[in-house]
Structure formats: C-alpha cells, structure tokens
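# whatever this is, show me its structure:
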Amino acid sequence: MEAINTIGRRKTSVARIYMSAGNGSITVNHRDIADYFPSEILRIIVNQPFAVTNQFGAYNVNVNVQGGGFKGQAEAVRLAIARALCEVNPEFKSVLRGEGFLTRDSRMVERKKYGRRKARRRFQFSKR
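The predicted model follows:
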C-alpha cells in the first residue's frame, strides 16, 4: 500500500497526514504523539477513528499540522485520519459517518465588531 495523504481542518488548524501500512506509530510535526499532545484526552481524540474501526497498530501516520490550538489541531488530525481510513477501505465510511468523524465542523470564531467589547458583549451602559 502506498502512502495516502489527506487533509483535515478545524477552526484555524490544518492537518496534512501521510498514512501507510506499518506498526501504528504516529508522529506529529517530527515528534512523537505523546510529546506533541501531552494531554491524554487529546491523544484519545486523535486515535478515535482507529478505535471505532479496530485498526489500532495497522498504519503509520506522519502528521504535519499548523495553526490554532491543541484541541483544534487534534480534531483536525482526527478528521484527516478518518478520511484516510475511508480511502483505504470504503466499508469504514458508514461507521465513521455514524460517529461524526467525517463531518467538517464549520464553526469558527465570530469576529469582533466595532462599538463593542467583543463579538457580542457590549460596553457597560450607564443611564445617568
């Protein structure tokens, strides 16, 4: 099997992954996943597509991710891995779709408006 490359996005994070048959090692930006994502919860998010499809240890994943924070990056990687698994085996598509791993979460940060403190929060109003 040649390397499959896919892209996943979340908020301002963009993850490009290269997945090939192997022993299950995941490297993120030339570092081990445990070094890059120190939180166990973030590592669980990244590995969810493998857990749902029972493909733990079947593929090596090389990830290049940039932009956003750790949570957005982890979810971008999850989307990219789910898309790559669908390319490997189209039967995984219904399982991953049911778990919501193939849906691009399009929510973005609302921009700040002038005349306000934040996007929706207004300055304090004084009657007199």
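
# look up phi and psi at Arg9.
phi -130, psi 150 (degrees, to the nearest 10).

# now swap in the one 10 residues further on and tell me
With angles defined as degrees, to the nearest 10, Met19 sits at phi -110, psi 130.

# chain neighbours aside, what residue packs nearest to it?
Ala84 (4.4 Å; C-beta to C-beta, 6 or more residues apart in numbering). Every C-beta, even on glycine, is put in place using the N, C-alpha and C of the backbone.

# the longest helix that the chain contains packs against which elements?
In the chain, with assignment by DSSP state H, the single longest helix is helix 70-88. In this structure, helix 70-88 packs against strand 4-10, strand 13-21, helix 40-53, strand 59-66, helix 92-99, with contacts taken as 3 or more C-beta pairs under 8 Å, 6 or more residues apart in numbering; DSSP states H and E.

# which one of the ones you listed lies closest to Val28?
Nearest to Val28 among the helices and strands packed on helix 70-88 is strand 59-66 (4.4 Å), distances taken as C-beta to C-beta.

# the nearest residue to Tyr59 once chain neighbours are set aside: neighbouring residues, count only.
Counting by C-beta to C-beta, 6+ apart, Tyr59 lies nearest to Met19, which is 5.1 Å off, once chain neighbours are set aside. Applying other C-beta atoms under 10 Å, we find 24 residues neighbouring Met19.

# and the gap between Met19 and Gln48?
15 Å (C-beta to C-beta, to the nearest Å).

# thinking again about what came up before, adding distance to Arg31 and mean pLDDT, write the helices and strands packed on helix 70-88 out as JSON lines.
JSON lines is the format used below for these (distance: least, C-beta to C-beta, whole Å; pLDDT from 0 to 100):
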{"stretch": "strand 4-10", "distance to Arg31": "18", "mean pLDDT": "95"}
{"stretch": "strand 13-21", "distance to Arg31": "14", "mean pLDDT": "95"}
{"stretch": "helix 40-53", "distance to Arg31": "13", "mean pLDDT": "94"}
{"stretch": "strand 59-66", "distance to Arg31": "10", "mean pLDDT": "95"}
{"stretch": "helix 92-99", "distance to Arg31": "26", "mean pLDDT": "93"}
